[in-house]
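In: after the sequence you'll find the predicted model.
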Amino acid sequence: MKRMRLAGVVVAAVLGSAAAAMAAGPAEPWRNPSLSPDRRADLLLARMSLDEQIALLHGHMPVLMKAVPPGVIRSAGWIPGQPKYGIPPQAESDASLGVANAGRGDQDDATPLPSGLALASTFSPGLAFDGGAMIGKEARQKGFNVLLAGGANLARDPRNGRNFEYLGEDPLLAGLLDAASIRGIQSNHIVSTAKHFVLNDQETGRQVLSAEIGQGALRESDLLAFEIAIKDGRPGSVMCSYNRLHATYACENPFLLTEVLKRDWGYPGYVMSDWGAVHSLASAKAGLDQESGQEIDRQVFFDAPLKAAAANGEIPAAQVRQMAHRVLRSLFANGVYDHPLSPGGLDTRTDALVSQRVAEQGIVLLKNQGGLLPLAARAGRIALIGGHADVGVLSGGGSSQVIPRGSFRLPPPKGAPGWGGGILYHPSAPLAAIKARAKGEVAYADGADPAAAAALARSADVAIVFATQWNSEGVDGPLQLEGGQDALIEAVARANPHTIVVLETGNPVLMPWLDEVQGVLEAWYPGARGGEALAEVLYGEVDAAGRLPISFPASEEQLPRPELPGLKTARPEGATTAQPQPPFDVQYSEGSDVGYRWYAAKGLKPLFPFGYGLSYTGFRYADPRATGGPGLRVSFTLTNTGSRAGTETPQLYLVAAPHRSQQRLLGFTRVTLKAGESRRVTLSADPRLLLDWDQAGHRWTRAAGLYHLFVGPNAADAALKSAVTLAAGTAAP
Ligand code: BGC
């Protein structure tokens, strides 16, 4: 049977290429796959009318269409195909963390990855690629060829409700992981976006806020994350964001779209808008190529108005053609044109294992007093408390929501956006996974009654409290755990000295009870097999290998903006009765000192620093040797000092350059060592992180002189210091 199917594929492939070759003759030369994507787009555009070109430049939102055409999937986006040219429909799905299915109810299966912060905690581009490849494959199987994925907004504020979709606070880490994830998605002959370009760094007032930041600082932080993601990942599309930059909407901002993205970075793909982010035809003039979700815009600017503007010369027809060229070019370059979709064959059981690998490596052990963990060492009775650990693991809300079969849903909390389906738990219960491994009895209390939970904890050898913090697109969250969970943890910790807290949070949280508990694990939103992954780490079947991609503040006062801008005038998004929120500015006066850079610059001690995480073994760093020259490298000897194998993530930081002191992550790697093993490890600096933006010269420069560095296990632990002299250098923007 298998062989027949395989043979069928071969026959189809042969026929397919023969047909393509025949059709690629003089009549339809753009079908020839050996020509460059740009040439093919030119050849095709030469045949297309202005109307046909414009039809590529605006898209529907099927979930809001009055009548969904046959064959169109209810999802975020759809742009009709043009069969006479072989142009397939662009079937778009949200996919920050898996193929989202919020518009299609609970019976449309898909595999959720752990949150972006969990992925970033792995510090592993390889796992990012695997996760991307998995969701790209599911997307094809489900009938999508354009994924709204690749979120790379920097975590400037640990209260941002969408941090769980992104990759942390550091431009190098976020950029490299985003690039790998995009490459994974696109390895399936589909288009991925990188989004949201740029500075949609809080949800409160995202449609009205104006981000205020100097150009150099922007290029060295948020833009740098995108630059790395886009240059290394080559997404077919870039999605511009809702917010304004210096009072101009990101989707009608010529500086962002034309000067930086298309001119300086030479980006050849197309820019699509976020949904509802087009306000006028100024967008087309500024460099937007495609209007998305036209049902929610005031009017469909990129249809009749664009045509009228082309007719009266306001927007040259050549520019409209150039916009269509960018769309077609990506469809050719990414294989969307040459590899039509053939939906079917979804295998969520196998795909869930990819998600599990990410979760296992992304769980961060923050505290392990007295080596209480892993649990394998101690038999006995376990009290499991709270967090709906009996039904599943928490996920984040909004357009990225993935709903596998069997999910458990709670109503949305007060103040949640007017859209979105509530609080969703993915069906992977920690209770069952722990029971399967426990030597003694495991008893569960839901935690609603702290006294009852404390009584249960008192009767057990170990108490594990699951604490959750739901985050969602459309709303920012507090740093405090809500719903009396701090009090619950304190009550349990008083009852049992062997208390472990497992956090399922979309963001960092404050931990007023930290000194009273013996262990803390940050599991983030751990995805399709999160319960299983958690149990594996709790029982030490895998080492605790995750490292924080975001600093945990000790208090709100430590943040650049202790009070979240716009919070006082905020209204729940999608609320029908409220007036729109008045516009306001967000002053990013910390500039490029985002996250750990800010703590270093201000001499502040966070609760847990960027890069931090414990292993079940220990590591010693010794004998550094730094070399300058064109490739800055530091080698050192890393030794596993414990009695079991484990994984460490050594990090290379710049501390001060000749002309400027700014801490910067320059490089990182993951090293797995057996008990007692030593290895010589070399960390290379990404050359892009050694440059500063020179505004007057419109270029990047590196100053000559002495660069102070360190290698260590996190941003606040300078285990091995060194210094190298570098020559001056410059680079094009
Ligand atoms: C989000 C995007 C998403 C789009 C389509 C917007 O609200 O910001 O990330 O891709 O909706 O669902």
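Out: Structure's in. What do you need?

In: contact residues of this protein facing the ligand?
Out: Within the chain, the positions adjacent to the ligand are Ala76, Asp94, Leu148, Lys195, His196, Asp274, Trp275, Ser399 by C-beta under 6 Å from any ligand atom. C-betas here are computed from N, CA, C, even on glycine.

In: show me where the stretch 551-700 of the chain has strands.
Out: Listed in chain order, the strands of the stretch 551-700 of the chain (DSSP state E, counting those that start in this stretch) span 584-587, 619-627, 633-640, 646-648, 651-656, 664-668, 671-673, 678-684, 692-694, 699-702.

In: leaving out sequence neighbours, find the closest residue to the residue of the stretch 401-550 of the chain found nearest the ligand.
Out: Going by C-beta to the nearest ligand atom, the ligand is nearest to Glu473 of the stretch 401-550 of the chain, at 6.3 Å. Nearest residue to Glu473 in three dimensions, chain neighbours excluded: Gly398, at 2.5 Å (C-beta to C-beta, 6 or more residues apart in numbering).

In: just give me the neighbour total for the one you found.
Out: The local packing of Gly398 (other C-beta atoms under 10 Å) involves 25 other residues.

In: got a pLDDT number for the residue of the stretch 401-550 of the chain closest to the ligand?
Out: What the model reports as pLDDT for Glu473 is 97.

In: Arg162 is in contact with that one, correct?
Out: Yes. The criterion here is C-beta atoms under 8 Å, and Glu473 meets it with Arg162 at 5.3 Å.

In: return the subset of the residues of the chain next to the ligand lying in helices.
Out: Among the residues of the chain next to the ligand, no residue falls in helices (DSSP state H).

In: could you list the low-pLDDT ranges of this protein?
Out: Within the chain, the segments meeting pLDDT under 70 span 1-25, 377-379, 574-578.

In: returning to what we had before: tell me which of Glu473 and Arg162 has more neighbours.
Out: Neighbours were counted for Glu473 and for Arg162 using other C-beta under 10 Å; Arg162 has more, 30 against 22.

In: is it correct that that one is in contact with Asn471?
Out: Yes. Between Arg162 and Asn471 there is a contact at 7.4 Å, judged by C-beta under 8 Å.

In: could I get the contacting residues of Gly611?
Out: By C-beta atoms under 8 Å, 6 or more residues apart in numbering, the contact set of Gly611 is Arg547, Leu548, Tyr596, Thr649, Gln651, Leu665, Phe668, Gly712, Pro713, Asn714, Ala715, Ala716.

In: let me have these in a markdown table, adding distance to Ser292 as columns.
Out: Below are the contacts of Gly611 laid out as a markdown table (distance: C-beta to C-beta, whole Å):
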| residue | distance to Ser292 |
| --- | --- |
| Arg547 | 35 |
| Leu548 | 34 |
| Tyr596 | 35 |
| Thr649 | 37 |
| Gln651 | 38 |
| Leu665 | 33 |
| Phe668 | 35 |
| Gly712 | 43 |
| Pro713 | 43 |
| Asn714 | 39 |
| Ala715 | 37 |
| Ala716 | 41 |
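
In: name the nearest of the residues you listed relative to Gln485.
Out: When these are compared for distance to Gln485 (C-beta to C-beta), Leu548 wins out at 20.5 Å.

In: contact partners for the closest residue to that closest one other than its chain neighbours?
Out: Counting by C-beta to C-beta, 6+ apart, the nearest residue to Leu548 once its immediate chain neighbours are dropped is Tyr612, at 5.0 Å. By C-beta under 8 Å, 6+ apart, the contact set of Tyr612 is Val364, Leu366, Arg547, Leu548, Pro713, Asn714, Ala715, Ala716.

In: can you tell me the SS state at Ser342?
Out: Following DSSP: H, G, I helix; E, B strand; the rest coil, we place Ser342 in the coil state.

In: and it, how many neighbours does it have?
Out: Ser342 has 10 neighbouring residues, counting by other C-beta under 10 Å.

In: from the centroid of this protein, which residue is nearest?
Out: Tyr166 (2.9 Å; C-alpha atoms, centre = their mean).

In: for stretch 452-469, measure first residue to last.
Out: Across stretch 452-469, the terminal residues are separated by 22 Å (C-alpha to C-alpha, to the nearest Å).

In: check stretch 103-119 too.
Out: 25 Å.

In: in it, what counts as buried?
Out: For stretch 103-119, the neighbour count (16 or more other C-beta atoms under 10 Å) marks 103-104, 108-119 as buried.

In: any idea how far the residue nearest to the centre of the chain lies from Asn471?
Out: Going from Tyr166 to Asn471 by C-beta to C-beta, to the nearest Å gives 11 Å.

In: so Leu372 touches Ile500, yeah?
Out: Yes. Because the distance of 6.6 Å satisfies C-beta under 8 Å, Leu372 is recorded as touching Ile500.

In: shared neighbours, these two?
Out: By C-beta under 8 Å, 6+ apart, Leu372 and Ile500 have these common neighbours: Val462, Gln518, Gly519.

In: select only the buried ones of these in PyMOL?
Out: Selection of buried members from these for PyMOL, criterion 16+ other C-beta under 10 Å:
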select buried, resi 462+518+519
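
In: in strands only, show me the shared contacts of Leu372 and Ile500.
Out: Taking DSSP state E as the definition of strands, those contribute Val462, Gly519.
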